[in-house]
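1. Sequence and predicted model, in that order:
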Amino acid sequence: MAPGSRGESSSFRSRRGPGVPSPQPDVTMLSRLLKEHQAKQNERKELQEKRRREAITAATCLTEALVDHLNVGVAQAYMNQRKLDHEVKTLQVQAAQFAKQTGQWIGMVENFNQALKEIGDVENWARSIELDMRTIATALEYVYKGQLQSAPS
């Protein structure tokens, strides 16, 4: 390597004699390179931070879109559940009314059957009375005719 090149150690330069340029330009060059390196690192950090923010924003948007999509389904399921609950309540009320009405009909049919039985009993009683009355009438008629024949004329 040539003297004064980058790969040269500082101890080699210090052995130079008088009239050799001082190492100050090398320090300035190193300082400038360090500043450039730091500036590039800062640019990379800023770019990385910008990309990180963009990734976070994109992930947030994706998450919100997914949640919104799921919420639509959940909202629909909730509305369907509310409708079903309402229908169940309506059906329960109607079933209770039907059971009450059916109970009333059963009571009316039982009363009607009882009335029919009573009519049948009255009819049987009337036939029985009629038969008894005929028997009595026949007996009285027989007795009356028997008395007429045995009476002296």
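-> Sure thing, it's come through.
2. Now stretch 38-47 - C-alpha only, CSV.
-> In CSV, the C-alpha atoms belonging to stretch 38-47 read as follows (Å, rounded to 0.1, in the frame of the first residue of the first chain):
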residue,chain,number,x,y,z
GLN,A,38,-24.4,7.9,10.8
ALA,A,39,-26.6,9.8,8.3
LYS,A,40,-27.2,6.7,6.3
GLN,A,41,-28.0,4.8,9.4
ASN,A,42,-30.5,7.5,10.4
GLU,A,43,-32.0,7.3,7.0
ARG,A,44,-32.3,3.5,7.3
LYS,A,45,-33.8,3.9,10.8
GLU,A,46,-36.3,6.5,9.5
LEU,A,47,-37.2,4.3,6.5
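3. average pLDDT for it?
-> Averaging pLDDT along stretch 38-47 gives 96.
4. The helix or strand bottoming out on mean pLDDT in the chain: what's the following helix or strand?
-> Confidence across the helices and strands of the chain bottoms out at helix 10-14, with a mean of 46, counting by mean pLDDT, DSSP states H and E. Where DSSP states H and E defines the elements, the next helix or strand beyond helix 10-14 is helix 24-150.
5. Check the offset of that following helix from the chain's centre.
-> Centre-to-centre, helix 24-150 and its host chain are 13 Å apart (C-alpha atoms, centre = their mean, to the nearest Å).
6. quick one: low-confidence ranges for this structure?
-> The chain contains residues with pLDDT under 70 at 1-23, 151-153.
7. Go again with 90.
-> Low-confidence segments of the chain (pLDDT under 90): 1-27, 69-70, 73, 115-126, 142-153.
8. who's in contact with residue 85?
-> By C-beta atoms under 8 Å, 6 or more residues apart in numbering, no residues touch residue 85. Just so you know, the C-beta spots here come from the backbone N, C-alpha and C atoms, and that holds for glycine as well.
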